[in-house]
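Student: need the 3D shape of this:
(one chain, ligands or ions: 1)
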Amino acid sequence: MKIMFNKHHPSPSDLPDRTARVHFTELCAGYPGRPVLHELSAAIPSLATTALVGPNGSGKSTLLGVMAGVIEPTSGHLRHTGSRPPAFVPQRGAVGDTLPLTVRQTVEMGRWGERGLWRRLTRRDRAAVDTALDRLGIGEIATRQLGELSGGQRQRALIAQGLAQESDLLLLDEPTTGLDPEARARITAVLTQLVTDGVTVVQATHDLGAARSADACLLLRDGRLTGQGHPEDVLTESALAQVWQPA
Ligand SMILES: Nc1ncnc2c1ncn2[C@@H]1O[C@H](COP(=O)(O)OP(=O)(O)OP(=O)(O)O)[C@@H](O)[C@H]1O
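Tutor: Residues are numbered from 1 along each chain as shown. Sure, this is the predicted structure:
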């Protein structure tokens, strides 16, 4: 006989991990002669998707760059709790359209951090590349040249490159920009699934649909944080109107 327990009190293993994967306090950052982020204090929850939302120039990419370690904060504190370096998928990707690279070679570049540029890929590296290609559903176009792909296929290849790094933190700059609704939904579904597999996902986005389906959201305006929390609480009509009102 199967005995059913009515679980009023979930065990600790049932509870989502609420610790922060990245934590920053009074963080300031920018570019030479151009301060961009002003005293941001926030936490990026572990094992969740977080959307960075805000108008053009509000500092979303800069904040991703700081979390990725490619932009040094000018002041404040930034703390990572993970053991692996983050995987960063920048807006246009690190690979030019004109380079004669196949999809597979593009994804293999994700292993360079682990393997070094000139070392042969191991079986383990190839397995990581295969898994990333599979997850993004681009195994069948692995031999195609990157430059001849559609925007959605190219974007999936670049995300697969990020996945191949096997980090527990994936930072994406506008992964769904310029894609049709089906391609957007597909990428959003992949990102949601990644969280179930133990990855913390942060994406800068102008796609309010994607932002609303995230677990958490940071709303930026002019390099300042104007809201953080659950998207339902942060992306209200009035908050959005305020952030997007002309200065
Ligand atoms: N490499 C750079 N050198 C100098 N200033 C920069 C550089 N990159 C961005 N900026 C400036 O920093 C500010 C914030 O830009 P950022 O790209 O972080 O904003 P964003 O919110 O990601 O914008 P978008 O939605 O247009 O991608 C802008 O004023 C921008 O002009």
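Student: which residues does residue 25 contact?
Tutor: 41, 76, 77 (C-beta atoms under 8 Å, 6 or more residues apart in numbering). Every residue, glycine included, has its C-beta placed from N, CA and C.
Student: bridging residues for it?
Tutor: residue 77 (DSSP bridges).
Student: what's the distance between it and residue 77?
Tutor: 5 Å (C-beta to C-beta, to the nearest Å).
Student: one more: residue 38?
Tutor: 15 Å.
Student: do the helix or strand where residue 64 lies and the ligand meet?
Tutor: Element membership for residue 64, per DSSP states H and E: helix 60-68. Yes - Helix 60-68 reaches the ligand (C-beta under 6 Å from any ligand atom) through 60, 61, 62.
Student: then stretch 38-58?
Tutor: Yes - using C-beta under 6 Å from any ligand atom, stretch 38-58 reaches the ligand at 54, 56, 57, 58.
Student: give me the mean pLDDT for the longest helix anywhere in the chain.
Tutor: Longest helix in the chain by number of residues (criterion: DSSP state H): helix 181-196. For helix 181-196, mean pLDDT is 88.
Student: so what's residue 88 bridging to?
Tutor: Bridge pairing for residue 88 - DSSP bridges - gives residue 171.
Student: my guess is it contacts residue 161, does it?
Tutor: No - the criterion here is C-beta atoms under 8 Å, and residue 88 misses it with residue 161 at 10.1 Å.
Student: those two: who's more crowded?
Tutor: Neighbours per residue, other C-beta atoms under 10 Å: of residue 88 and residue 161, the larger number sits with residue 161, 26 against 21.
Student: ok but the more buried one is inside a strand, no?
Tutor: No - the assignment for residue 161 by DSSP: H, G, I helix; E, B strand; the rest coil gives helix, which leaves it out of any strand.
Student: number of nearby residues for the closest residue to it other than its chain neighbours?
Tutor: Of all residues not flanking residue 161 in the chain, residue 110 sits nearest, at 4.2 Å (C-beta to C-beta, 6 or more residues apart in numbering). By the criterion of other C-beta under 10 Å, residue 110 has 26 neighbours.
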